[in-house]
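> Sequence plus the predicted model coming up.
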Amino acid sequence: MFDRTGIDALLAGSVERREVAGVVATVSSAGGSLYEGAFGQFEVGYGPTYSVETPLRIASMTKAVTSVAAMQLVEQGKLELDEPVARWLPELTTPHVLEADGTLRPAKTQITARHLLTHTAGFGYEIWSDRLVAHVREHGLPEREGGGAFLANPLLFDPGEHWAYGVNTDWLGELIVAVSGQPLSGYFGEQILGPLGMNSSSFWLPEERDADLPPVHGRMRDGSLEPEGSAIPRAEYESGGGGLHSTAADYQRFLRMLLGRGELDGVRVLRAETVEAMATNQTGDLEVGKVETAKRERSNSGDLSFGHDAGFGLGFLITLQTSRTGRSAGSLSWAGMFNTYYWIDLERDVAGALYTQVLPFLDGTVLDINREFERETYVSLDAAGA
């Protein structure tokens, strides 16, 4: 039996020490839930209590859903991984690269769906690019929170040349809309969220449920937390890169589907061989994971591979070596801006996810909690003989 004692003590202690206002975590196998825990309140020491049904901003954990949607279209023969996406998105026919001196030049190669899935298309995020910040300011362009207009930003390098975390998956969402003929919310609902029973996942909460959404807390210089309210205004754009709200219970079903190689409770949304392809490193020896902040209020600098040898598959970071916490080589992982993190260990049949609502991203305190949560998960698995 999976022993929850260590994880409970870890998460409860993090709330008692006011390291986080609240925290939710799940551990799953393909066959079901192994652990669900929720601790803390919406603000430090008071307010509604967190639960696995609390709606949360999952930000870039949306990317996994968008990637699954794209691979469904590949399975159906409607989309080719290595075909230029300009066939569907004419605005990407002649992408331009922003040079270090601020000048623009035409890209040398065309962007493909594989580039978008692996974050090798050349797109960046302003949060981690001084070059893009300067370009946006110089030309009076909308910033990241300004709806979908930020997609007009130029590339930082030629497609396929490097890895960089950026708006690739937002463009992938646009590609899904163009190929399927549906809005992203409609496609997700019909092909992924609905079939998986993820009934609490959507791009927008009804306005009457705004009070159910916990405030975001900002980490102060002294380590304390201050509520910031809704750090991102109600969106008008269905962002495939970061727009979903979900619950820990809902997202657990999505993670279990991937552990089940595309199937959950008899419902198949992907072929097993497609999941295996998504879990295969596609980026060779390109350096993957490092980000340098250009907006410290939004993100710290850090390494999204957390110091391990890593590559990138079709939508996921791929751990290429067994981690110190126990995660197997070949595991999938990623994260969300508000310090939410997950991993999927296909070899050990376990997936874990930890959720807070804290800024800036890559918060050192939450990263420590998440690392210990992962370690405790494998301690419990080993003790149970799993």
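Good, I have the coordinates.

> Which helix or strand in the protein has the lowest average pLDDT?
strand 225-229 (a mean of 86; mean pLDDT, DSSP states H and E).

> what's the spacing between that strand and its chain's center?
Centroid separation for strand 225-229 versus its chain: 22 Å, with Cα atoms, centre = their mean, to the nearest Å.

> Show me which parts of it are buried, residue by residue.
Using 16 or more other Cβ atoms under 10 Å as the test for burial, strand 225-229 gives 225, 227. For glycine as for every other residue, the C-beta is placed from the backbone atoms N, C-alpha and C.

> List of residues touching it?
Contact with strand 225-229 is made by 18, 20-21, 43-44, 215-220, 358-359, as judged by Cβ atoms under 8 Å, 6 or more residues apart in numbering.

> quick check: mean pLDDT across whatever helix or strand comes next after it?
Going down the chain from strand 225-229, the next helix or strand is strand 245-246, by DSSP states H and E. Taken as a whole, strand 245-246 has a mean pLDDT of 97.

> Could you give me the PyMOL syntax to select whichever of the contacts of strand 225-229 are buried?
To isolate the buried members of these in PyMOL, using 16+ other Cβ under 10 Å:
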select buried, resi 20+21+43+44+215+216+217+218+219+358+359
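
> Pass me the low-pLDDT residue ranges in the stretch 201-350 of the chain, would you?
229-235 (pLDDT under 70).

> same thing but 50
Scanning the stretch 201-350 of the chain for pLDDT under 50 picks out 231.

> Show me the strands in it, by range?
216-219, 225-229, 245-246, 263-264, 267-268, 290-291, 302-303, 310-312, 317-319, 332-336, 340-345, 350-355 (DSSP state E, counting those that start in this stretch).

> Next: the stretch 51-200 of the chain.
Using DSSP E, counting those that start in this stretch, strands in the stretch 51-200 of the chain cover 56-57, 96-98, 104-106.

> In which helix or strand does Gly47 reside?
Assigned by DSSP H and E, Gly47 falls in strand 46-49.

> Can you list the residue ranges for helices in this protein?
Remark: helices assigned in the chain by DSSP state H are 5-16, 62-75, 113-118, 130-139, 168-180, 184-188, 248-259, 272-278, 364-384.

> pLDDT score for Ala12?
98.

> Show the end-to-end separation of stretch 194-213, please.
Here the two ends of stretch 194-213 are set 22 Å apart, with distance taken as Cα to Cα, to the nearest Å.

> what's in contact with that stretch?
Contacts with stretch 194-213, where a contact means Cβ under 8 Å, 6+ apart, come from 48, 53-57, 184-185, 192-193, 230, 234-235, 238-239, 243-247, 249-251, 253-254, 257, 264-265, 267, 269.

> Restricted to buried residues, select the residues you listed in ChimeraX.
To isolate the buried ones among these in ChimeraX, judged by 16+ other Cβ under 10 Å, type:
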select :54,55,56,57,184,185,192,193,238,239,243,244,245,246,247,249,250,251,253,254,257,264,269
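
> Can you tell me the strand partners of the longest strand seen in the chain and which way each runs?
The single longest strand within the chain, with elements called by DSSP state E, is strand 32-43. Here strand 32-43 is paired, per DSSP bridges, with strand 22-29 (antiparallel), strand 46-49 (antiparallel).
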